[in-house]
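Chemist: Test case, fold it:
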Amino acid sequence: MVRYAKEAENPAKSVKARGFHLRTHFKTSREVAQAIKGMHLRKAQKYLKDVVGKKQIIPMRRFMGGVGRHSQAKAFNTSGSLGAWPKKSATIVLDLLKNAESNAEVKGLEVDSLVVEYIQVNRAPQMRRRTYRAHGRINLHVFAVPYRDDPDRNRKYRCQRRTMMHLKRRARRRKPVPEQDWELNNFIALFIY
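Modeler: Have a look, this model is predicted:
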């Protein structure tokens, strides 16, 4: 059985939904979660659909560095009218609400009277990626290829006799792939009563 950070007071009249290693930013997911806390299920779903369509905004209260000011945020009385439309986080939380709704239907609970009582977002470890470059492996004395080539290709290149100038021109033509670090949202748990 999976252990949650908080257990429901009345498990018979509550449902749970949970997601792991979701590909979205932690900070925006936390703000989305705080925005729908205490809302009725239908109201929360409509609100998040409006956020995806940029009709309503998510107020940024804790993680607000570099967030722009928008007039829609005045309705939430945030400091400096800071808000954003985190589409990816909103769609992921919307999918979790849909999952919780289907869990309630299976349990036989009335879906229209459900309220998002508890929602938690935890941070996950970052994924590591590489920038594929030569890393100093090409010089005048050593015949080598960039890091991303597989051994078969290396063998093929070693068998062929080519000049170093041709290899340098080939290395210059390759464009490096930008390095990307993905912040992941490890865990979202919500109870709906």
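Chemist: what comes up buried for the longest helix along the chain?
Modeler: In the chain, ranked by residue count with DSSP state H as the criterion, the top helix is helix 87-107. Along helix 87-107, these residues count as buried under the neighbour rule (16 or more other Cβ atoms under 10 Å): 88-94, 96-97, 99-101, 104. Where C-beta positions appear, they are placed from N, C-alpha and C, glycine not excepted.
Chemist: Which residues outside that helix are in contact with it?
Modeler: 15-19, 22-25, 28-29, 31-33, 36, 41, 44-45, 48-49, 51-52, 58, 110-111, 114, 116, 185, 188, 190, 192 (Cβ atoms under 8 Å, 6 or more residues apart in numbering).
Chemist: Pipe the buried residues of helix 87-107 into a markdown table and attach pLDDT per row.
Modeler: Written out in a markdown table, the entries for those read as follows (pLDDT from 0 to 100):
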| residue | pLDDT |
| --- | --- |
| K88 | 93 |
| S89 | 93 |
| A90 | 95 |
| T91 | 95 |
| I92 | 93 |
| V93 | 94 |
| L94 | 95 |
| L96 | 93 |
| L97 | 94 |
| N99 | 93 |
| A100 | 92 |
| E101 | 93 |
| A104 | 92 |
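Chemist: Quick one: those as a markdown table, columns for distance to A124 too.
Modeler: As requested, the buried residues of helix 87-107 are arranged in a markdown table below (distance: Cβ to Cβ, whole Å):
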| residue | distance to A124 |
| --- | --- |
| K88 | 15 |
| S89 | 14 |
| A90 | 19 |
| T91 | 18 |
| I92 | 13 |
| V93 | 16 |
| L94 | 20 |
| L96 | 16 |
| L97 | 21 |
| N99 | 19 |
| A100 | 21 |
| E101 | 25 |
| A104 | 27 |
